[in-house]
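Q: any chance you can model this:
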Amino acid sequence: MPGPQDPLERFSEIEKLVSRVYFRFSHLFLNDPELRDFWWQMAKEEEEHSSILLACKALVDSHESAKVDPGIAQGKAERIEEQLNAYLGRGTASITVDEAFRIALDIEGSELDAIYSRLVKSSELEIGKTMEHVGVPASVQRRKLAAAVRRFATDPEVRASAEAL
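A: Residues are numbered from 1 along each chain as shown. Presented below is the predicted three-dimensional model:
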């Protein structure tokens with residue numbers, strides 16, 4: 001499924017896909033309120049990331065001379081979209097807690113933040129500094145994910161991956 005041509009809009013759509021994965025995990029673990037709420041919060045933070053990228057796009061669009069390099073990470077975007085759609089295409093009833101965390105670690109370790117940084121810097125505007133103060137920073141989200149893995153996951157490989165995040 002091809003995404004929007006504007007890279008900020010395209011990666012905003014990717015963040016929405018990530019939120020859908022996390023919302024699905026939240027629904028999967030309805031019987032464990034702590035785990036359910038953790039995934040719900042992660043999903044809401046991904047929605048915030050999507051909105052932040054759209055705000056960046058609006059700022060770029062409001063300056064005639066500002067443009068975002070459309071070629072930044074297009075291949076990576078396609079691979080991430082395929083991966084997320086594959087996760088969403090699976091039946092969730094068979095996903096274990098460890099597998100949900102493994103998927104989240106794959107997503108959060110996918111270099112999205114570095115791509116966003118390059119996209120914003122390519123616009124030649126100082127919007128990156130402004131946007132750093134909006135929403136939950138990815139580094140905070142990764143720390144929360146690692147803490148949740150330590151709390152809920154039992155698979156040693158998943159726990160080790162969280163420590164390396």
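
Q: quick check: what element follows the worst-scoring helix or strand of the chain on mean pLDDT along the chain?
A: Of all helical and strand segments in the chain, the minimum by mean pLDDT, DSSP states H and E falls on helix 127-131, at a mean of 60. Reading on from helix 127-131 to the C-terminus, the next helix or strand found by DSSP states H and E is helix 138-152.

Q: report the mean per-residue pLDDT for the helix ranked longest in the chain.
A: Here the longest helix in the chain is taken by residue count, with DSSP state H as the criterion, and it is helix 33-61. Throughout helix 33-61, pLDDT has a mean value of 90.

Q: just checking, what packs against that helix?
A: helix 7-28, helix 97-108, helix 112-122, helix 127-131, helix 138-152 (3 or more Cβ pairs under 8 Å, 6 or more residues apart in numbering; DSSP states H and E). In this view, the C-beta of every residue, glycine as well, is placed from N, C-alpha and C.

Q: tell me, which of these is the model least confident about?
A: For the helices and strands packed on helix 33-61, the bottom mean pLDDT is recorded on helix 127-131, which sits at a mean of 60.

Q: quick one on the thing from earlier: past the longest helix of the chain, which element shows up next along the chain?
A: Counting by DSSP H and E, the next helix or strand C-terminal to helix 33-61 is helix 74-89.

Q: buried residues, that following helix. List them.
A: By neighbour count, with 16 or more other Cβ atoms under 10 Å as the criterion, the buried positions of helix 74-89 are 76, 77, 80, 81, 83, 84, 87.
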